[in-house]
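Asks: Pasted the sequence and its predicted model underneath.
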Amino acid sequence: MDFALNDIQQMLKDSAGKFIHNDYDFETRQKHSHSELGYSEDNWQLFAELGWLALPFAEEFGGLDGNATDLMVLMTELGKGLIVEPYLSTVVLAGNAIQRGGTAEQKEALIGGIVGGELKLAFAGLEAQSATDISSISTQASTQSGGVVLNGKKQVVLHAQSADKLVVAARSHNNNGNIALYLVDANADGVAAHHYPTNDGARASDLTFTNVAAELLGDSDDAAAVIQAVLNDAIVAVSAEAVGVMDKMLSATVEYTKVRKQFDVPIAKFQILQHNMVDMFMECEQARSMVYYAAITIGEGNSEEQVAEANKASQFLKWKVGQAARLVGQTAVQLHGGMGVTDELDVGHMFKRLTMINTLFGSMDTHLDNLVKQRQAA
Amino acid sequence: MNINFSEQELAFQQEVQTFFREELPESVQAHIDNGLSFSAEVTVAYQKALYNKGWAGINWPVEHGGTGWTPTQKYIFQTESAKAKAPRQIPFGYSMVAPIIYTFGNEEQKQRFLPDILASNTWWCQGYSEPNAGSDLAGLKTRAVRDGNHYIVNGTKTWTTLGHHADWIFCLVRTSDEDSKQKGISFLLIDMTSPGVSVKPIITLDGRREVNEVAFQDVKVPVENLVGEEGRGWTYAKVLLTHERTNIAGVAVSKQRLSALYDLLNQPPAGCPDLKNNSVFMSRVVQVEMELKALEFTDLRVLSSVSTGTAPGPESSILKIKGTEIQQALDELYVEIAGIYALPFVPEQYDEAGYEPRIEPFFAPNAAPHYYNNRKVTIYGGSNEIQKNIIAKQVLGL
Amino acid sequence: MKVLVTVKRVIDYNVKIRVKPDGSDVDLTNVKMAVNPFCEIAVEEAVRLKEKGIASEIVVVSVGGSEAQEQLRTALALGADRAILVESTANTESLNVAKLLAKVVEQEQPSLVIMGKQAIDSDNNQTGQMLAALCDMPQATFASEVSVADNSVTVTREIDGGLQTLSLQLPAIVTTDLRLNEPRYASLPNIMKAKCKPLATVTPDDLGVTLSAHTQLLGVNPPPQRSAGVKVKSVAELVDKLKNEAKVI
């Protein structure tokens, strides 16, 4: 039993932490976020150089064979900078789906590009009627003159604007109702996109596919297990990111209340504010513990029992992080007073990111509801 | 980063399981299932069994007869002990006074007191709180005045848990009014049979006698019962508080209680409401389960850093607060699951073996008293509000 | 050409220093430690020399407890080839460190030694100078530019009010200033490679150095707390305050 970071993780944490500290202050982040691209291409190339884009991929395709705890370490540090680069979409979602579901040829063809920083991806899963449930989709694949084409509409596809290729979840072209994953060129004929900024400083798009040429990802048209595994990784990634955001918010709040004076004393002297900050601290630590639990558990193996435990761990995690993020975010804004609700201060933007993380991959209440139903059925 | 036990640790786990299987009579294990109170006799018998196995001094140094276990071994022991539904070791001797004696006491005191504590030959209780000194403990007024080879002790201690079984009491007493109030406090060991010591029961909300008020009237205490230096008692007590954090979260016991709660939900006894199909209730159960899982990992993080010899990180400070909040949340759920059978007040059926006629479902009438009694956990050991003050100061630097 | 670089384990520069309650020393419990920033600049400079094909091997050395291996690994991850830890926790004052390093220099025979000009923990700024004296080597401190050609190194130094350029015969010692370079971030592949690079541990005894204490730490005091400033509404108010409150004009 060992919960300490190993040497490599410790150095990764230091190196990523230093990058955020030196090159990713809030003003820089806002500049990237408001740029035409919505992020910094220079940073993306640096991520490639530093090996971050290679982290979860297999060594034989140019990756570094990192596991979920490695990803956790990196994402927590990146969270402290509220990064807007499409890491989640390219590496954790779409790239990961290729790694888990793709054929050897597809991996050979695509992973090198991701690792090298030349290829950016987006993952198109949800649709208007599916809310947060990816099993409820109607985008349909079909066979047309020897090839496969897609028809349908995808909503709020993160970072589609910068993506070269898309991994799209759709009903199988074998018409068996299975959900399969398909690779699509983002600028292929028949792809219509409406790009827009998101609440938390990133970009997303609504995509319409009309007879878009597509290639099945992998050999099987049943991608349910791959999708679930990818979502588990994504939950660990955004939760670890949220912990980084919360750490930053807590320290910002502590510093602010030590400086801000009212009634002739720093407001940090007031016991009720102290206890509020202790509550923030406890939630940060409990959320971090749950990230550890999930990150360790989802990498354990592929037996039925291990998969069930992994799914449970990601549900537990998403609930805990949603709950902690709400308390930490709201309290941080409250303790910053009027400044907390201004666009000028970073704390409000951290609050926005935390709020949006809760909406991704199932909200806390969605996961709680699912867990209750599972317990009732047991 | 991994959560697996090593081969030696797995072997140790086997050994612990075997111990509980062989040494813990079924009648004792049945106490937890049936909600029966552990009597002093049952507890002492269990403590003696641990002693015979060499496992009584879990946190003690080896030279005083301790186990020398690693933090992971302690964790395994606590987990298995909760699973086996064993009684708990009464902490006052083993983990409260003994560490102060072996850390700050003289050779004569170590020889005189430690072996009997380890062998469970003496029962100790704690004399810290006073009617007017609770959270502000340093304001205590029980006074020890030096008179030749004795101290003359006068004053009153309260909330003395199981003091009515105790042979000895360890006390914080005032020996000086000079300097700060903390510096005038000394650490004194007092024989409960000394003339002038009187013990008066305090009945708590569960209708039971667990705590007492202990009064001292001109009690003569030999000076050799002073531990360490006069005026340093506060420092000794504080050092202990920061050291003994093992098991403070009570995760193992809460896990066992949660699993028993699921058993009740899956097979509700006749007379109890069917809460498994009540999604609002189930949502509360699942939330406790998740919070407990997070706390288990917080506990493991602390354990892991202690095992590798590094000082526990700031996360250790939340164990008491979160642990007790979860214990109380479980109590609330148990009261609800008891339904209207939470109402009968019949403590006798838990305290007297074979009490007839029993009210069924047997667990139910004990749910509310347990809930009432356990309100103490967020109050004792430094109330949770005091804990938050400490975190604000020491961790957040406020 | 072999380059020897020294690194010191210090409290991370982002950490707010806390003094132990008894004022005996700085409190290091659970504090994040890092490579001294000036040493990191020294490592970076050596790596750049290697990338230019000038340096052939970079040996990185630290004097400290076994925990200093972390900082040596970091230097290896940044591009050093092998590491030496002189394991010693007692009496690591500048002169003793310089004596230990002098032995390492004697054994390794580097053409160039690059060191941080000072460590941010004790701010002594003297180990490089002492080492130069002990090894009888030329030294250039506070370097803001370093170039090596043939058998010499040209160093631009930051001095009061301007720059000074020196040329030194190799072997020589250079200590780095802040503006010499901007250290890179350790890349993940290099971090992983660093694990396999050799790290040797020696003791002062192995090096035949006896360490005696020349200085004694008497106490550490935190700086006095600065009180918050005030905003004035007008120049007149400022003048009034400077005259009557601060009494500086």
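Replies: Yep, it's here. Residues are numbered from 1 along each chain as shown, chains lettered A, B, ... in the order given.
Asks: can we go C-alpha only for contacts and neighbour counts from here?
Replies: Fine.
Asks: what's the single longest strand in the chain?
Replies: You didn't say which chain, so I picked chain A. strand A:203-216 (DSSP state E).
Asks: I was after chain B.
Replies: Determined from DSSP E, the single longest strand within chain B is strand B:209-222.
Asks: hang on, the earlier thing: what's the next secondary structure element after the longest strand of chain A?
Replies: Remark: after strand A:203-216, the chain's next helix or strand is helix A:224-259, criterion DSSP states H and E.
Asks: buried stuff in that following helix?
Replies: Across helix A:224-259, burial judged by 16 or more other Cα atoms under 10 Å in any protein chain shown covers A:224, A:226-250, A:253-254, A:256-257.
Asks: what subset of these is also close to chain B?
Replies: Contacts with chain B within those, counted by Cα under 8 Å from any Cα of the partner chain: A:V254.
Asks: list the buried ones in stretch B:131-144?
Replies: For stretch B:131-144, a neighbour-count test (16+ other Cα under 10 Å) marks B:G134, B:S135, B:L137, B:A138, B:G139, B:L140, B:K141, B:T142, B:R143, B:A144 as buried.
Asks: Rebuild those residues as CSV, extending it with pLDDT and secondary structure.
Replies: Putting those into CSV (pLDDT from 0 to 100; DSSP: H, G, I helix; E, B strand; the rest coil) gives the following:
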residue, pLDDT, secondary structure
B:G134, 90, coil
B:S135, 89, coil
B:L137, 91, helix
B:A138, 92, helix
B:G139, 93, helix
B:L140, 95, coil
B:K141, 95, coil
B:T142, 97, coil
B:R143, 97, strand
B:A144, 97, strand
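Asks: Tell me the one of those residues nearest chain C?
Replies: Distance to chain C, by Cα to the nearest Cα, is smallest for B:A138 among the buried residues of stretch B:131-144, at 19.9 Å.
Asks: Pull up the gap between the closest one and B:V214, please.
Replies: Taking Cα to Cα, to the nearest Å as the measure, B:A138 falls 18 Å from B:V214.
Asks: residue ranges of the strands in chain C, please?
Replies: So, for chain C - with DSSP E - the strands run C:2-6, C:9-11, C:33-35, C:57-64, C:82-87, C:112-116, C:139-149, C:152-159, C:162-169, C:172-176, C:199-202.
Asks: Without its sequence neighbours, what residue ends up closest to the residue of chain B found nearest chain A?
Replies: Nearest to chain A in chain B, going by Cα to the nearest Cα, is B:I3, at a distance of 4.4 Å. Nearest residue to B:I3, sequence neighbours excluded (Cα to Cα, 6 or more residues apart in numbering or on different chains): A:M1, at 4.4 Å.
Asks: what about the one you found, distance to B:F297?
Replies: Note on A:M1: its distance to B:F297, by Cα to Cα, is 11 Å.
Asks: So for those two, which sits in the more crowded spot?
Replies: The residue with more neighbours, out of A:M1 and B:F297, is B:F297; 23 against 16, by other Cα atoms under 10 Å in any protein chain shown.
Asks: Give me the pLDDT value at the more buried one.
Replies: Note on B:F297: pLDDT of 94.
Asks: if we can go back for a sec, what lines up beside the longest strand of chain B in the sheet?
Replies: Its sheet considered, strand B:209-222 pairs with strand B:150-157 (antiparallel), strand B:197-203 (antiparallel) by DSSP bridges.
Asks: Tell me the residues of the stretch 201-350 of chain A that contact chain B?
Replies: Residues of the stretch 201-350 of chain A lying near chain B (Cα under 8 Å from any Cα): A:254, A:258, A:268-269, A:271, A:274-275, A:277-278, A:282, A:285-287, A:289-290, A:292-293, A:296, A:316, A:320.
Asks: Can you select the buried ones among those residues for me in ChimeraX?
Replies: Listed next is the ChimeraX selection for buried residues among those, using 16+ other Cα under 10 Å:
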select /A:254,268,274,275,277,278,282,285,286,287,289,290,292,293,296,316,320
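Asks: mind listing the helices for chain C?
Replies: C:37-51, C:69-78, C:94-108, C:127-135, C:188-194, C:204-207, C:235-244 (DSSP state H).
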